[in-house]
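A.B. asks: Next comes the sequence, and after it the predicted model I'd like to discuss.
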Amino acid sequence: MKARSVRYLIGEGLKNIWLNRMMSIASIGVLMASMLLMGIAIAFSENVDRVMSSIESQNVVMVFLEDELTDEQVQSVYEQIKSLDNINPDETTYISSNQALEGVLHEMGPEYEEYFNQYFEEGNTIMPETVRASMIDLEKYDQTVAAIENVEGVDSYNSSRDLAVILTTVRDAINTAGVWIIVLLSLIALVIISNTVRITMFNRKLEISIMKAVGATNGFIRFPFMIEGITLGVIASFLTVGVEYLLYKLAIKALDPIIKILGYNPVPFSNFMWIILLIFLALGIISGLIASIITISKYLRREGSEFSAL
(Lines give C-alpha, C1' and ligand atoms only; values in the text may rest on other atoms or scores of the structure.)
Protein backbone atom coordinates (compact mmCIF):
# COMPACT_ATOMS: atom_id res chain seq x y z
CA MET A 1 0.00 0.00 0.00
CA LYS A 2 1.37 3.41 -0.99
CA ALA A 3 2.16 6.07 1.60
CA ARG A 4 -0.45 8.40 0.09
CA SER A 5 -3.10 5.72 0.42
CA VAL A 6 -2.13 5.09 4.03
CA ARG A 7 -2.41 8.80 4.84
CA TYR A 8 -5.81 8.92 3.15
CA LEU A 9 -7.12 5.91 5.07
CA ILE A 10 -5.83 7.22 8.41
CA GLY A 11 -7.50 10.56 7.70
CA GLU A 12 -10.75 8.80 6.91
CA GLY A 13 -10.58 6.86 10.19
CA LEU A 14 -10.02 10.05 12.20
CA LYS A 15 -12.83 11.78 10.31
CA ASN A 16 -15.17 8.95 11.24
CA ILE A 17 -14.57 9.68 14.93
CA TRP A 18 -15.56 13.31 14.52
CA LEU A 19 -18.62 12.56 12.41
CA ASN A 20 -19.92 10.17 15.09
CA ARG A 21 -18.57 12.10 18.06
CA MET A 22 -21.38 11.30 20.49
CA MET A 23 -20.91 7.56 20.09
CA SER A 24 -17.15 8.08 20.12
CA ILE A 25 -17.41 9.88 23.46
CA ALA A 26 -19.53 7.04 24.83
CA SER A 27 -16.95 4.48 23.68
CA ILE A 28 -14.12 6.45 25.26
CA GLY A 29 -16.08 6.86 28.50
CA VAL A 30 -16.73 3.14 28.95
CA LEU A 31 -13.12 2.30 28.13
CA MET A 32 -11.94 4.89 30.65
CA ALA A 33 -14.16 3.40 33.37
CA SER A 34 -12.64 -0.03 32.79
CA MET A 35 -9.08 1.32 32.68
CA LEU A 36 -9.60 3.49 35.75
CA LEU A 37 -10.66 0.51 37.85
CA MET A 38 -7.61 -1.37 36.67
CA GLY A 39 -5.39 1.62 37.46
CA ILE A 40 -6.82 1.96 40.98
CA ALA A 41 -6.13 -1.72 41.62
CA ILE A 42 -2.54 -1.31 40.37
CA ALA A 43 -1.94 1.81 42.49
CA PHE A 44 -3.34 0.10 45.58
CA SER A 45 -1.25 -3.03 44.97
CA GLU A 46 1.91 -0.95 44.53
CA ASN A 47 1.37 0.75 47.89
CA VAL A 48 0.46 -2.48 49.65
CA ASP A 49 3.64 -4.09 48.30
CA ARG A 50 5.68 -1.20 49.73
CA VAL A 51 3.97 -1.58 53.11
CA MET A 52 4.57 -5.33 53.04
CA SER A 53 8.26 -4.84 52.23
CA SER A 54 8.57 -2.38 55.10
CA ILE A 55 6.78 -4.72 57.50
CA GLU A 56 8.90 -7.69 56.48
CA SER A 57 12.04 -5.69 57.28
CA GLN A 58 10.75 -4.83 60.78
CA ASN A 59 10.70 -7.00 63.87
CA VAL A 60 8.97 -4.61 66.27
CA VAL A 61 5.81 -4.97 68.37
CA MET A 62 4.32 -1.93 70.13
CA VAL A 63 3.09 -3.08 73.57
CA PHE A 64 0.56 -0.80 75.30
CA LEU A 65 0.38 -0.92 79.10
CA GLU A 66 -2.65 -0.57 81.35
CA ASP A 67 -3.58 2.99 82.34
CA GLU A 68 -3.61 2.63 86.13
CA LEU A 69 -0.07 1.32 86.59
CA THR A 70 2.32 3.14 88.92
CA ASP A 71 5.78 4.16 87.77
CA GLU A 72 7.27 1.16 89.60
CA GLN A 73 4.81 -1.23 87.95
CA VAL A 74 5.50 0.25 84.52
CA GLN A 75 9.23 -0.28 85.07
CA SER A 76 8.59 -3.84 86.24
CA VAL A 77 6.52 -4.66 83.11
CA TYR A 78 9.22 -3.12 80.95
CA GLU A 79 11.92 -5.27 82.55
CA GLN A 80 9.81 -8.41 82.21
CA ILE A 81 9.27 -7.81 78.50
CA LYS A 82 13.00 -7.18 77.99
CA SER A 83 13.82 -10.48 79.69
CA LEU A 84 11.52 -12.61 77.51
CA ASP A 85 13.01 -15.14 75.10
CA ASN A 86 13.40 -13.82 71.55
CA ILE A 87 13.31 -10.19 72.75
CA ASN A 88 16.43 -8.11 72.06
CA PRO A 89 16.91 -6.05 75.27
CA ASP A 90 19.35 -3.63 73.65
CA GLU A 91 16.77 -2.56 71.04
CA THR A 92 13.70 -2.66 73.26
CA THR A 93 12.74 0.78 74.55
CA TYR A 94 10.19 2.36 76.85
CA ILE A 95 8.07 5.25 75.51
CA SER A 96 6.24 7.37 78.04
CA SER A 97 2.81 8.86 77.41
CA ASN A 98 4.34 12.31 76.93
CA GLN A 99 6.95 11.02 74.48
CA ALA A 100 4.30 9.18 72.50
CA LEU A 101 2.19 12.33 72.30
CA GLU A 102 5.14 14.42 71.16
CA GLY A 103 5.89 11.87 68.45
CA VAL A 104 2.30 11.95 67.20
CA LEU A 105 2.21 15.76 67.21
CA HIS A 106 5.46 15.87 65.27
CA GLU A 107 4.12 13.48 62.65
CA MET A 108 0.75 15.23 62.33
CA GLY A 109 2.19 18.72 61.91
CA PRO A 110 1.76 22.08 63.67
CA GLU A 111 -1.87 22.54 62.61
CA TYR A 112 -2.95 19.89 65.18
CA GLU A 113 -0.40 20.67 67.88
CA GLU A 114 -2.31 23.51 69.62
CA TYR A 115 -5.48 21.44 69.97
CA PHE A 116 -3.73 18.40 71.45
CA ASN A 117 -1.52 20.50 73.74
CA GLN A 118 -4.61 22.16 75.22
CA TYR A 119 -6.30 18.80 75.66
CA PHE A 120 -3.22 17.38 77.35
CA GLU A 121 -2.80 20.40 79.66
CA GLU A 122 -6.31 19.83 81.00
CA GLY A 123 -5.06 16.60 82.57
CA ASN A 124 -6.27 14.20 79.91
CA THR A 125 -4.13 11.22 78.99
CA ILE A 126 -4.55 10.32 75.38
CA MET A 127 -1.50 8.15 74.81
CA PRO A 128 -0.73 4.96 76.77
CA GLU A 129 2.61 4.00 78.27
CA THR A 130 4.29 1.91 75.58
CA VAL A 131 7.12 -0.58 75.22
CA ARG A 132 8.69 -0.89 71.80
CA ALA A 133 9.75 -4.55 71.83
CA SER A 134 12.23 -5.78 69.24
CA MET A 135 12.24 -9.46 68.30
CA ILE A 136 15.33 -11.43 67.39
CA ASP A 137 13.72 -14.16 65.26
CA LEU A 138 10.50 -13.43 63.36
CA GLU A 139 9.83 -17.15 62.97
CA LYS A 140 9.03 -17.19 66.70
CA TYR A 141 6.63 -14.26 66.33
CA ASP A 142 3.46 -16.00 67.55
CA GLN A 143 5.16 -17.54 70.60
CA THR A 144 6.74 -14.21 71.54
CA VAL A 145 3.46 -12.30 71.25
CA ALA A 146 1.75 -14.92 73.42
CA ALA A 147 4.46 -14.48 76.05
CA ILE A 148 4.06 -10.67 75.96
CA GLU A 149 0.28 -10.96 76.42
CA ASN A 150 0.85 -13.09 79.55
CA VAL A 151 2.88 -10.35 81.25
CA GLU A 152 0.74 -8.74 83.97
CA GLY A 153 0.10 -5.08 83.21
CA VAL A 154 0.03 -5.45 79.41
CA ASP A 155 -3.22 -4.07 78.01
CA SER A 156 -2.82 -4.70 74.28
CA TYR A 157 -0.30 -4.70 71.48
CA ASN A 158 -0.10 -3.45 67.96
CA SER A 159 1.83 -5.24 65.28
CA SER A 160 2.37 -4.22 61.69
CA ARG A 161 1.68 -7.83 60.79
CA ASP A 162 -1.99 -7.31 61.64
CA LEU A 163 -2.04 -4.41 59.20
CA ALA A 164 -0.29 -6.54 56.61
CA VAL A 165 -2.96 -9.25 56.86
CA ILE A 166 -5.75 -6.68 56.52
CA LEU A 167 -4.10 -4.93 53.57
CA THR A 168 -3.40 -8.21 51.81
CA THR A 169 -7.01 -9.32 52.24
CA VAL A 170 -8.33 -6.00 50.94
CA ARG A 171 -5.90 -6.04 48.04
CA ASP A 172 -6.91 -9.56 47.00
CA ALA A 173 -10.60 -8.63 47.23
CA ILE A 174 -10.08 -5.50 45.13
CA ASN A 175 -8.04 -7.39 42.56
CA THR A 176 -10.63 -10.17 42.28
CA ALA A 177 -13.59 -7.82 42.03
CA GLY A 178 -11.61 -5.57 39.71
CA VAL A 179 -10.90 -8.38 37.26
CA TRP A 180 -14.59 -9.24 36.88
CA ILE A 181 -15.65 -5.62 36.62
CA ILE A 182 -12.93 -4.93 34.04
CA VAL A 183 -14.02 -7.96 32.00
CA LEU A 184 -17.64 -6.79 32.09
CA LEU A 185 -16.78 -3.19 31.17
CA SER A 186 -14.44 -4.39 28.44
CA LEU A 187 -17.27 -6.38 26.87
CA ILE A 188 -19.51 -3.32 27.09
CA ALA A 189 -16.75 -1.24 25.50
CA LEU A 190 -16.48 -3.75 22.64
CA VAL A 191 -20.22 -3.47 22.02
CA ILE A 192 -20.21 0.33 22.07
CA ILE A 193 -17.14 0.62 19.83
CA SER A 194 -18.72 -1.90 17.48
CA ASN A 195 -21.88 0.20 17.32
CA THR A 196 -19.81 3.33 16.70
CA VAL A 197 -18.03 1.63 13.81
CA ARG A 198 -21.31 0.17 12.55
CA ILE A 199 -22.94 3.63 12.40
CA THR A 200 -19.99 4.95 10.42
CA MET A 201 -20.11 1.94 8.17
CA PHE A 202 -23.79 2.35 7.30
CA ASN A 203 -23.35 6.09 6.79
CA ARG A 204 -20.68 5.29 4.22
CA LYS A 205 -22.45 2.34 2.69
CA LEU A 206 -22.61 3.90 -0.78
CA GLU A 207 -18.96 4.87 -0.65
CA ILE A 208 -17.98 1.35 0.35
CA SER A 209 -20.00 -0.13 -2.51
CA ILE A 210 -18.25 2.16 -5.01
CA MET A 211 -14.85 1.18 -3.61
CA LYS A 212 -15.77 -2.49 -4.01
CA ALA A 213 -16.99 -1.84 -7.54
CA VAL A 214 -13.63 -0.37 -8.58
CA GLY A 215 -11.71 -3.30 -7.12
CA ALA A 216 -10.83 -2.18 -3.57
CA THR A 217 -9.83 -5.07 -1.35
CA ASN A 218 -11.52 -5.87 1.94
CA GLY A 219 -8.35 -4.87 3.73
CA PHE A 220 -8.38 -1.43 2.10
CA ILE A 221 -12.01 -0.90 3.13
CA ARG A 222 -11.42 -2.26 6.62
CA PHE A 223 -8.38 -0.08 7.38
CA PRO A 224 -10.12 3.25 8.23
CA PHE A 225 -12.48 1.48 10.63
CA MET A 226 -9.54 -0.20 12.33
CA ILE A 227 -7.90 3.21 12.70
CA GLU A 228 -11.12 4.53 14.20
CA GLY A 229 -11.29 1.78 16.83
CA ILE A 230 -7.59 2.00 17.69
CA THR A 231 -7.73 5.79 18.01
CA LEU A 232 -10.65 5.58 20.42
CA GLY A 233 -8.62 3.19 22.57
CA VAL A 234 -5.51 5.39 22.51
CA ILE A 235 -7.46 8.53 23.43
CA ALA A 236 -9.12 6.69 26.32
CA SER A 237 -5.72 5.45 27.53
CA PHE A 238 -4.09 8.87 27.79
CA LEU A 239 -7.18 10.48 29.30
CA THR A 240 -7.41 7.75 31.94
CA VAL A 241 -3.77 8.20 32.97
CA GLY A 242 -4.44 11.91 33.46
CA VAL A 243 -7.60 11.28 35.48
CA GLU A 244 -5.89 8.66 37.64
CA TYR A 245 -2.99 11.02 38.32
CA LEU A 246 -5.40 13.66 39.62
CA LEU A 247 -7.36 11.14 41.71
CA TYR A 248 -4.15 9.73 43.16
CA LYS A 249 -2.98 13.19 44.21
CA LEU A 250 -6.36 13.96 45.78
CA ALA A 251 -6.35 10.64 47.66
CA ILE A 252 -2.85 11.24 49.02
CA LYS A 253 -3.81 14.76 50.10
CA ALA A 254 -7.02 13.57 51.81
CA LEU A 255 -5.17 10.81 53.67
CA ASP A 256 -2.18 12.98 54.56
CA PRO A 257 -2.90 13.15 58.36
CA ILE A 258 -3.20 9.35 58.57
CA ILE A 259 -0.11 8.88 56.40
CA LYS A 260 1.89 11.16 58.70
CA ILE A 261 0.80 9.26 61.80
CA LEU A 262 1.78 5.94 60.21
CA GLY A 263 5.05 7.41 58.97
CA TYR A 264 4.38 5.98 55.52
CA ASN A 265 5.66 7.36 52.24
CA PRO A 266 3.21 6.60 49.40
CA VAL A 267 4.61 5.28 46.15
CA PRO A 268 5.07 8.21 43.73
CA PHE A 269 2.69 8.05 40.78
CA SER A 270 5.66 8.29 38.41
CA ASN A 271 6.90 4.91 39.69
CA PHE A 272 4.04 3.05 38.03
CA MET A 273 2.74 5.61 35.53
CA TRP A 274 4.46 4.02 32.54
CA ILE A 275 3.29 0.56 33.57
CA ILE A 276 -0.36 1.56 33.64
CA LEU A 277 0.01 3.63 30.46
CA LEU A 278 1.36 0.60 28.57
CA ILE A 279 -1.40 -1.60 30.00
CA PHE A 280 -4.04 0.98 29.11
CA LEU A 281 -2.69 1.37 25.58
CA ALA A 282 -2.66 -2.39 25.09
CA LEU A 283 -6.22 -2.71 26.44
CA GLY A 284 -7.48 0.25 24.40
CA ILE A 285 -5.81 -0.74 21.13
CA ILE A 286 -6.82 -4.39 21.40
CA SER A 287 -10.42 -3.51 22.32
CA GLY A 288 -10.74 -1.01 19.48
CA LEU A 289 -9.06 -3.29 16.99
CA ILE A 290 -11.14 -6.34 17.83
CA ALA A 291 -14.41 -4.39 17.82
CA SER A 292 -13.72 -2.75 14.46
CA ILE A 293 -12.45 -5.92 12.79
CA ILE A 294 -15.44 -7.99 13.95
CA THR A 295 -17.94 -5.34 12.89
CA ILE A 296 -16.60 -4.56 9.40
CA SER A 297 -15.74 -8.19 8.66
CA LYS A 298 -19.27 -9.26 9.55
CA TYR A 299 -20.65 -6.48 7.38
CA LEU A 300 -18.45 -7.33 4.40
CA ARG A 301 -19.31 -11.00 4.73
CA ARG A 302 -23.09 -10.70 5.19
CA GLU A 303 -23.86 -7.57 3.26
CA GLY A 304 -21.31 -7.80 0.51
CA SER A 305 -23.94 -9.06 -1.88
CA GLU A 306 -25.61 -5.64 -1.73
CA PHE A 307 -22.64 -3.92 -3.31
CA SER A 308 -23.46 -5.22 -6.77
CA ALA A 309 -27.03 -4.03 -6.39
CA LEU A 310 -25.91 -0.56 -5.49
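C.D. replies: Arrived safely, thanks for sending. These figures come from a predicted structure and were not determined experimentally.
A.B. asks: How about the helix or strand that Val241 is a member of, which residues are buried there?
C.D. replies: Per DSSP states H and E: Val241 is located in helix 218-254. Under the neighbour-count criterion of 16 or more other CB atoms under 10 Å, helix 218-254 has 221-237, 239-241, 244, 248 buried. (Each C-beta comes from the backbone N, C-alpha and C, glycine too.)
A.B. asks: Ok, stretch 141-154 next?
C.D. replies: Across stretch 141-154, burial judged by 16+ other CB under 10 Å covers Thr144, Val145, Ala147, Ile148, Val151, Gly153, Val154.
A.B. asks: Let me see the confidence value for the fourth one.
C.D. replies: Read it as Ile148. Looking at Ile148, its pLDDT stands at 87.
A.B. asks: could you say what helices and strands the helix or strand hosting it packs with?
C.D. replies: Using DSSP H and E, Ile148 sits in helix 141-149. Contact here means 3 or more CB pairs under 8 Å, 6 or more residues apart in numbering; DSSP states H and E; on that basis helix 141-149 packs against strand 60-65, strand 154-159.
A.B. asks: all helices of the chain, in order?
C.D. replies: Assigned by DSSP state H, the helices in the chain fall at 3-19, 21-56, 71-83, 97-108, 110-121, 141-149, 160-203, 205-213, 218-254, 256-262, 269-302, 305-309.
A.B. asks: Would you mind giving those as CSV with distance to Asp90 added?
C.D. replies: Below are the helices of the chain laid out as CSV (distance: least, CB to CB, whole Å):
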stretch, distance to Asp90
helix 3-19, 68
helix 21-56, 22
helix 71-83, 9
helix 97-108, 19
helix 110-121, 31
helix 141-149, 16
helix 160-203, 21
helix 205-213, 81
helix 218-254, 37
helix 256-262, 26
helix 269-302, 36
helix 305-309, 87
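A.B. asks: So for Glu91, which of those sits nearest?
C.D. replies: helix 71-83 (9.9 Å; CB to CB).
A.B. asks: Show me how the chain divides into domains.
C.D. replies: 3-55+164-302, 67-152 (automatic domain parsing).
A.B. asks: so of these, which one's packed in deepest?
C.D. replies: Each of the domains of the chain was scored by mean neighbour count; the highest is domain 3-55+164-302, a mean of 17, by mean count of other CB atoms under 10 Å.
A.B. asks: Give me the mean pLDDT for it.
C.D. replies: For domain 3-55+164-302, the mean confidence score works out to 78.
A.B. asks: quick one: that domain to chain centroid distance?
C.D. replies: Centroid displacement of domain 3-55+164-302 relative to its chain, using CA atoms, centre = their mean, to the nearest Å, is 16 Å.
A.B. asks: returning to that earlier point: and the buried residues of stretch 141-154, which two are the farthest apart?
C.D. replies: Thr144 and Gly153, at 17.0 Å, using CB to CB across the buried residues of stretch 141-154.
A.B. asks: So which elements touch the helix holding Val241?
C.D. replies: Packing partners of helix 218-254 (3+ CB pairs under 8 Å, 6+ apart): helix 3-19, helix 21-56, helix 160-203, helix 205-213, helix 269-302.
A.B. asks: Compare these and give me the one nearest Thr70.
C.D. replies: helix 160-203 (29.5 Å).
A.B. asks: now the angle from that closest one to helix 205-213?
C.D. replies: Here helix 160-203 runs at an angle of 80 degrees relative to helix 205-213 (axes from the mean of the first three to the mean of the last three CA atoms, to 10 degrees).
A.B. asks: what packs against helix 160-203?
C.D. replies: On a contact count with 3+ CB pairs under 8 Å, 6+ apart, helix 160-203 meets helix 3-19, helix 21-56, helix 218-254, helix 269-302.
A.B. asks: can we see that at 10 Å?
C.D. replies: The elements that helix 160-203 packs onto, with contact taken as 3 or more CB pairs under 10 Å, 6 or more residues apart in numbering; DSSP states H and E, are helix 3-19, helix 21-56, strand 60-65, helix 141-149, helix 205-213, helix 218-254, helix 269-302.
A.B. asks: closest one to Ile193 among the ones you listed?
C.D. replies: Comparing those by CB to CB, helix 269-302 comes nearest, at 3.8 Å.
A.B. asks: residues near the closest residue to Glu66 other than its chain neighbours, how many?
C.D. replies: Distances taken as CB to CB, 6 or more residues apart in numbering put Asp155 closest to Glu66, at 4.6 Å, once the chain neighbours are dropped. Residues lying near Asp155 (other CB atoms under 10 Å) number 14.
A.B. asks: So Asp155 versus Asp90, what's the distance?
C.D. replies: 25 Å (CB to CB, to the nearest Å).
A.B. asks: now Tyr157
C.D. replies: Tyr157 sits 20 Å away from Asp90, going by CB to CB.
A.B. asks: and the residue nearest to Ile10 when sequence neighbours are not counted, how far is that from Ile40?
C.D. replies: Among residues not flanking Ile10 along the chain, Ile227 sits closest, at 5.4 Å (CB to CB, 6+ apart). Ile227 is 30 Å from Ile40, where distance means CB to CB.
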